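*Asks:* Sharing a model that was predicted from the sequence below.
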Amino acid sequence: MATKQFKAESKRLLDLMINSIYTHKEIFLRELISNASDATDKLYYNAMKEGKTGITRDSLPIELTLDKANRRFIIEDHGCGMTAEEMENNLGTIAHSGSLAFKNENEKQDDIDIIGQFGVGFYAAFMVAKHVEVVSRAAGSDEANRWESDGADGYTVAPCEKAENGTKIVLTIKDNTENENYDEFLEPYRIQGLVKKYSDYIRYPIKMDMTRSRMKEKPADAGDDYKPEWEEYTENETLNSMVPIWKKSKKELKDEDYNSFYTQKFYDYQPPLCHIHSSVEGAVTYTAMLFIPSHAPMDYYTKDYEKGLQLYSNGVLIMDKCADLLPDHFSFVHGMVDTADLSLNISREMLQHDRHLKAIAQSLEKKIKSELLKMQKDKREDYEKFWAAFGRQIKYGAYVEYGAHKELLQDLLMYHSSTEDKLVSLAEYASRMKEDQKYIYYACGETIDKIKLLPVMETLSDKGYEVLCMDDSIDEFCVKMLAKYNDKEFKSIADADLGLDSEDEKEEIKKLSEDNKDVLEALGKALEGKVKKVELTSRLKSHPCCLRAEGPVTLEMEKVLNQQAAVNGGQSVHAERVLELNAEHPIFKKLCALQAEGSDKVSTYADILYTQALLIEGMPVDDPVAYANAVCNLLS
Ligand SMILES: Nc1ncnc2c1ncn2[C@@H]1O[C@H](COP(=O)(O)OP(=O)(O)OP(=O)(O)O)[C@@H](O)[C@H]1O
């Protein structure tokens, strides 16, 4: 059976091209400038191949002209141009790409960045133009031709005059409609903005007349009452930067260059803490320039913040915020990636599911981490600034991914310390651990000062053990997720067993508890409904009592989760409380004596001690008046 060719309804296809591929009409300019750049590249490539000298990129500008009165927008290049046949093939055949054919026919050269590949970009012109005229003269030919079309109804090609080789595209911009403003594409500042946005790194100068105003020079004979006068002037300006800073050699660039690029590009008023400039060749080839800001943007910790890096392919902007290039825990990073290795989709607005992109993202993640570690080691002040701005995001990353990024993120974490007057890393803590120290101790609370005053702190500092002090609501959740740092387990100082007691000491407490069973039971009864039990502990030094939680919810977690529930609605949680008493404290001795006397004061003491323990932990007190009265009674 003979295989038949598919037929295409060209009118419908063109309509699809024009109206369905691109989400933004402004893309037309990117496409036409990219075509002009490709055509110029081809000419440049051939000139180099033929050994022609004297041709420089600067001598091959892409010229833009706005003729507002006639609604015309002209894009002219001095590239390879097209013959009549090429016009038929390239502009008359949808999805035929002369540029792709050129790329395939010629060896890849470092100096050539052909952009076109799908053979559809040109038709984007019809998104904004009601009439398109292409006048072109192929390099080396004396003949020129004019291709004209109003879109769906086909095109004409006819010979014409053109003095030089190259292509001139004349768009007649559509009239405004109720919903669409096309006039914007006749405004020089808008066009300048679009060139900057999408085509800043096209390697040929993109030039346009710009009208600006300036103060007139003061005449020599101007009197005291001279008032400055302004005048308008027009200058042919190059709109694009051409060579992206990331394509320049690192040796050429100073910190100031990176900083001023960053502040301008990302509208930050402060320079970044550091930059990462890296060119990678291998399985994937890319250049990246990343910046770590010195402060969090206003919306950083809100859902409005959009993470992502700018993604360029051959110097053309593909995506302004490519989220897939950055993991959430490094969402604060700004910057760009330039790679020719991407599978672009036809509109160049999206990427096909791309393994290269994944590989780039993974490699960037490692680079960001190592840069941060370097800063932590060598520029501690900067790192502390970074930590103040984005530490929460790192902790959140360690927590939310269920510890999946443990290895990656744990070394970046910083905490206050009970022994040091600065923030410390886990590695620094581990390096100071005592020989007999089994755990990494941490304590959570409202403020660092309050944490340092927690009763159990004394016991650990007597041992010479450092305690990490955590005052951020996410801290405890994060540490629980990490569970260990290297081979050392984390241990909350609110745990019943801090691993400090010998077997003999444990036995001793057990025996003491047996001996004082009555008083402990009486106290438990007095606090029924408030605590699960009352126990003796060896965790205290000078304090008579403290509170701990039993079960998965700690006292800190109860505070945090209930605060969140109060804001967002939701169920409140309750930590099972255990009141621990210091068996060595005179208060306990007093309680034992009162119990032996059969005094009813035991229950008042129980209430006072429990409320004090709540206050020390920063927990809410149900009835502060009853507590105040009980203390007053005792005093009087
Ligand atoms: N200014 C120009 N000078 C010379 N040839 C051009 C010019 N503009 C377009 N062409 C030719 O027309 C072809 C089709 O252009 P079009 O923009 O539709 O697709 P493309 O650039 O090849 O691919 P893509 O859709 O990926 O942009 C190009 O491949 C090129 O051969």
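*Replies:* On my side now, so go ahead.

*Asks:* and the residue of the stretch 501-636 of the chain nearest the ligand?
*Replies:* residue 568 (47.3 Å; CB to the nearest ligand atom). Where you see a C-beta, it was placed from the backbone N, CA and C, and this is true even at glycine.

*Asks:* What is the neighbour count of that residue?
*Replies:* 7 (other CB atoms under 10 Å).

*Asks:* again with residue 470
*Replies:* Using other CB under 10 Å: residue 470 sits among 22 other residues.

*Asks:* what does residue 201 give?
*Replies:* 22.

*Asks:* Now do the contacts for the residue lying closest to it once chain neighbours are set aside.
*Replies:* The shortest distance from residue 201 to any residue other than its chain neighbours is 3.5 Å, reached at residue 315 (CB to CB, 6 or more residues apart in numbering). Neighbour list for residue 315: 113, 199-203, 244, 338 [criterion: CB atoms under 8 Å, 6 or more residues apart in numbering].

*Asks:* quick one: which helix or strand includes residue 357?
*Replies:* helix 355-378 (DSSP states H and E).

*Asks:* Quick one: mean pLDDT for that helix?
*Replies:* The average pLDDT within helix 355-378 is 93.

*Asks:* which parts of the protein sit against the ligand?
*Replies:* 31, 34-36, 39, 77, 79-82, 90-91, 97-100, 116-122, 167 (CB under 6 Å from any ligand atom).

*Asks:* any low-confidence regions in the stretch 51-200 of the chain?
*Replies:* 107-112 (pLDDT under 70).

*Asks:* In it, what residue spans correspond to strands?
*Replies:* 62-67, 72-77, 129-137, 144-149, 155-160, 166-173 (DSSP state E, counting those that start in this stretch).

*Asks:* Any chance you could list what contacts stretch 150-160?
*Replies:* Residues contacting stretch 150-160 (CB under 8 Å, 6+ apart): 11, 14-15, 18, 84, 87-88, 91-92, 126, 130-132, 135, 143-149.

*Asks:* Weed out the non-buried ones from those.
*Replies:* 14, 18, 84, 87-88, 91-92, 126, 131-132, 135, 144-147, 149 (16 or more other CB atoms under 10 Å).

*Asks:* For the residue of the stretch 151-300 of the chain found nearest the ligand, list each beta-bridge partner.
*Replies:* Closest contact between the stretch 151-300 of the chain and the ligand, by CB to the nearest ligand atom, is at residue 167 (3.7 Å). Beta-bridge pairing of residue 167 under DSSP bridges involves residue 77, residue 136.

*Asks:* how about it, what does it touch?
*Replies:* Contacts of residue 167 (CB under 8 Å, 6+ apart): 36, 39, 76-77, 79, 81-82, 134-136.

*Asks:* What does the pLDDT read for residue 352?
*Replies:* Reading off the model, residue 352 has pLDDT 64.

*Asks:* what's the strand or helix carrying residue 610 packed up against?
*Replies:* If you go by DSSP H and E, residue 610 is part of helix 601-617. Contact partners of helix 601-617 among helices and strands, from 3 or more CB pairs under 8 Å, 6 or more residues apart in numbering; DSSP states H and E: helix 517-526, strand 545-550, strand 576-582, helix 586-597, helix 624-635.

*Asks:* could you check the angle helix 601-617 makes with the shortest one?
*Replies:* In this structure, strand 545-550 runs at an angle of 70 degrees to helix 601-617, with axes from the mean of the first three to the mean of the last three CA atoms, to 10 degrees as the basis.

*Asks:* Which secondary structure elements does the lowest-mean-pLDDT helix or strand in the chain sit against?
*Replies:* One helix or strand of the chain scores below all others by mean pLDDT, DSSP states H and E: helix 10-20, with a mean of 77. Where contact means 3+ CB pairs under 8 Å, 6+ apart, helix 10-20 is not packed against any helix or strand.

*Asks:* Take the helices and strands packed on helix 601-617 and write them to CSV, including mean pLDDT and distance to residue 182.
*Replies:* Shown next, in CSV, are the helices and strands packed on helix 601-617 (pLDDT from 0 to 100; distance: least, CB to CB, whole Å):
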stretch, mean pLDDT, distance to residue 182
helix 517-526, 91, 81
strand 545-550, 90, 66
strand 576-582, 92, 68
helix 586-597, 91, 84
helix 624-635, 91, 69
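
*Asks:* TSV please, covering the ones you listed and showing distance to residue 418 and mean neighbour count.
*Replies:* Below are the helices and strands packed on helix 601-617 laid out as TSV (distance: least, CB to CB, whole Å; neighbours: other CB atoms under 10 Å):
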stretch	distance to residue 418	mean neighbour count
helix 517-526	30	17
strand 545-550	16	22
strand 576-582	20	22
helix 586-597	25	15
helix 624-635	29	12
